[in-house]
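Trainee: What follows is a predicted protein model with its sequence.
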Amino acid sequence: MSVVKINALTVPAEMREQLESRFAARAGAVEGSDGFEHFELLRPVEGTDLYLVYTRWASEEAFEAWHSSQDFARGHGQEGGEHRPPASSASQIWSFEVIQEAGPAA
């Protein structure tokens, strides 16, 4: 059963461009991970300063393996002495199991 991880990032208006640039710069970094299924970066349109980072994984184990990987560390500025201040002021991880899904009619 697939799992969904949503990272809800509180991003001040002056940091939005930087956050989006960071994600664009590491495009492709997660796609080769075992068990990875889908990624979306969702920009708020109105009424909130929350960006949502949506990822879908084949299993909890696949997510945990990526989360503890060097690829994750590099993508989040935690390796090689690189220390960038975060673009977000807060972060929460929401976890879900996919129990039903639908796609476009054939």
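Mentor: That came through fine. Numbering: from 1, shown residues only.
Trainee: contacts, neighbours, all on C-alpha from now
Mentor: Noted.
Trainee: How much space separates residue 87 from residue 17?
Mentor: For residue 87, the distance to residue 17 equals 9 Å [CA to CA, to the nearest Å].
Trainee: Mind checking which of these two has more residues around it?
Mentor: The neighbour comparison of residue 87 against residue 17 (other CA atoms under 10 Å) goes to residue 87, with 18 against 11.
Trainee: Return the residues in contact with the more buried one.
Mentor: 11, 15-16, 18-19 (CA atoms under 8 Å, 6 or more residues apart in numbering).
Trainee: Kindly recompute the last result at 10 Å.
Mentor: By CA atoms under 10 Å, 6 or more residues apart in numbering, the contact set of residue 87 is 9-12, 14-20, 22.
Trainee: With residue 37 instead?
Mentor: 2-4, 30-31, 55-59.
Trainee: With distance to residue 93, neighbour count and secondary structure added, can I get those residues in CSV?
Mentor: As requested, these are arranged in CSV below (distance: CA to CA, whole Å; neighbours: other CA atoms under 10 Å; DSSP: H, G, I helix; E, B strand; the rest coil):
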residue, distance to residue 93, neighbour count, secondary structure
2, 16, 16, coil
3, 13, 20, strand
4, 10, 21, strand
30, 17, 17, coil
31, 19, 12, coil
55, 11, 19, strand
56, 13, 23, strand
57, 14, 24, strand
58, 17, 17, coil
59, 16, 17, coil
